[in-house]
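**Student:** next input, structure requested:
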Amino acid sequence: MIQHLTEIVDEARKRGKKRLAVAYGQDSHTLEAVYEAYKEGIVEPTLFGEKKVIEQVCAENDIDIKAFNIVDEASDVKCVQQAVAAVVAGNADVLMKGLVSTDKYMRGILNKEAGLFPPKGVLSHVSIVEMPCYHKLLVISDVAVIPLPDFKQKIKQIGYLAKVANLLGIETPKIACIAPSEQLLPSVISSTEGALLAKMGDRGQLGNVIIDGPLSLDVALYKDVAEHKKVKGSSVAGDPDCLLFPNLESANVFFKSVTHLCGGELAAMVAGTKVPCVLTSRGDTSKTKLYSIALAFLAVKQKAHTYTNLPTTNRNRIYGLQNLSDKSRLYVHQGRPL
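**Tutor:** Below is the predicted model:
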């Protein structure tokens, strides 16, 4: 079982290189993370962004620009469109957000014509956090996509949490449904729905998971608090693998508190798309983005083909990148247009 985020990178390395399409990848944190992933031997990266800016950022941060394929495009929206198109066409295995804002990135993913989002699907977000004050990795949802999930969406989110926990080697994840109190409060939706989800979990209606709720955050995370509050019969309280938050606000505050106040690190990606999509904050560290890349690579369903022994131009022909819009100029490792 994976115990630390660094082990996700190790596991990704064992599975071979994957092809990464980075939408508007021209900020230092993104480039540093992708370059580190390249040096770790886990990625064949293509950056969609403004070549002059990428060159400048690479020079300022001692990054070897020869590590990247570059599609020269100044528009952040077009970068998202082209990166999504590359993934949908099978020319990349994973999509990643760069400097572009989350709303533009998500619009590109949700575009029905693009084909990355399945019909009648539910898009959500899953993060893995590692913090000094908790004894193992913690999978949480949803910090970025669904503002106020309804009951059906929460069922989907539980499935996404379980799948990510499975990637960590957890066969039967323990999931805590977070609410203001461990007491059932009939007037509080997160409380009543947490209880319903727990009962469904007991009956095996939510897959191979153990669910309890409602649980307050302190009861969920600390066994001594659960004992003090006389919460009995819970195998989740004090030892959850996953936290299902009632809304985006509470999850996002927890997410940022972990990193900025608790010295934690994290990995994050979109859930519910046809292929893994990395979604981190523009303010996240390069280390967080590296871990997120590795996590998305673990989620790739089929092993990607690798072409490390081929010349760069041949690799680009195989990826189909020469078929991109004529308005964009593709640059290979040496900076020459195809």
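
**Student:** how far away is Ala294 from Asp239?
**Tutor:** Ala294 sits 25 Å away from Asp239, taking Cβ to Cβ, to the nearest Å as the criterion. C-beta: built from backbone N, CA, C; applies to glycine.

**Student:** for Ile146, that is, sorry about that
**Tutor:** Counting by Cβ to Cβ, the gap from Ile146 to Asp239 is 26 Å.

**Student:** more neighbours: which of the two?
**Tutor:** For Ile146 versus Asp239, neighbours defined as other Cβ atoms under 10 Å are more numerous around Ile146 (21 against 18).

**Student:** just to be sure, the more buried one is in a strand?
**Tutor:** No. With DSSP: H, G, I helix; E, B strand; the rest coil as the criterion, Ile146 is coil rather than part of a strand.

**Student:** ok, it touching Glu249?
**Tutor:** No. Ile146 is beyond contact range of Glu249, at 11.4 Å (criterion: Cβ atoms under 8 Å).

**Student:** which residue, other than its chain neighbours, is closest to Ile293?
**Tutor:** Spatial nearest neighbour of Ile293, excluding adjacent residues (Cβ to Cβ, 6 or more residues apart in numbering): Ala37 at 4.9 Å.

**Student:** confirm Asp212 sits in a helix?
**Tutor:** No. Asp212 sits outside any helix when classified using three-state DSSP, being strand.

**Student:** pretty sure it sits against Asp239.
**Tutor:** No. Using Cβ under 8 Å, Asp212 makes no contact with Asp239, being 10.4 Å away.

**Student:** overlap in contacts, these two.
**Tutor:** Shared contacts of Asp212 and Asp239 (Cβ atoms under 8 Å, 6 or more residues apart in numbering): Lys174.

**Student:** helices along the stretch 1-150 of the chain, start to end?
**Tutor:** Ranges of helices within the stretch 1-150 of the chain are 5-14, 28-39, 51-60, 76-88, 102-110, based on DSSP state H, counting those that start in this stretch.

**Student:** wait, which of those is closest to Leu221?
**Tutor:** helix 5-14 (18.4 Å; Cβ to Cβ).

**Student:** and that closest one, which residues are buried?
**Tutor:** By 16 or more other Cβ atoms under 10 Å, the buried positions in helix 5-14 come out as 5, 8-9, 11-12.

**Student:** what does stretch 216-236 give?
**Tutor:** In stretch 216-236, counting by 16+ other Cβ under 10 Å, buried: 216-217, 219-222, 225-226, 231, 234, 236.

**Student:** thinking again about what came up before, let me know whether the residue nearest to Ile293 touches Ala294 as I believe.
**Tutor:** Yes. Contact criterion Cβ under 8 Å: Ala37 and Ala294 qualify, at 7.1 Å.

**Student:** overlap in contacts, those two.
**Tutor:** Common neighbours of Ala37 and Ala294 (Cβ under 8 Å, 6+ apart) are Val9.

**Student:** and the nearest residue to Ile140 once chain neighbours are set aside, how far from Ser127?
**Tutor:** The shortest distance from Ile140 to any non-neighbouring residue, by Cβ to Cβ, 6+ apart, is to Leu243 (4.6 Å). Distance of Leu243 to Ser127, given as Cβ to Cβ: 10 Å.

**Student:** of those two, who's got more company?
**Tutor:** Taking neighbours as other Cβ under 10 Å, Leu243 and Ser127 compare with Ser127 leading, 27 against 23.

**Student:** and that one, bridged to which residues?
**Tutor:** Ser127 has these beta-bridge partners by DSSP bridges: Ile140, Ala268.

**Student:** do the same with Ala23
**Tutor:** Bridge pairing for Ala23 - DSSP bridges - gives Phe48, Lys97.

**Student:** relative to Gln82, how far out is it?
**Tutor:** Look at Ala23 and Gln82: by Cβ to Cβ, they are 8 Å apart.

**Student:** picking up where we left off before, could you export the buried residues of helix 5-14 as CSV, including distance to Thr102 and pLDDT?
**Tutor:** Below are the buried residues of helix 5-14 laid out as CSV (distance: Cβ to Cβ, whole Å; pLDDT from 0 to 100):
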residue, distance to Thr102, pLDDT
Leu5, 22, 97
Ile8, 22, 97
Val9, 24, 97
Glu11, 27, 96
Ala12, 24, 96
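
**Student:** low-confidence ranges, the chain, go.
**Tutor:** Regions of the chain meeting the criterion pLDDT under 70 cover residues 302-338.

**Student:** okay, domains of it per the record?
**Tutor:** The chain resolves into domains spanning 1-117+284-338, 122-272 when parsed by automatic domain parsing.

**Student:** from the middle of its chain, how far away would the lengthiest helix in the chain be?
**Tutor:** Using DSSP state H to define each element, the chain has its longest helix at helix 151-167. Offset of helix 151-167 from its chain centre (Cα atoms, centre = their mean, to the nearest Å): 13 Å.

**Student:** need the contact partners of it.
**Tutor:** Contacting residues not belonging to helix 151-167 are listed as 2, 122, 124, 126, 128, 139-142, 146, 149, 173, 175, 177, 193, 196-197, 200, 206-209, 211, 241-242, 244, 271-272, 295, 298-299 [Cβ under 8 Å, 6+ apart].
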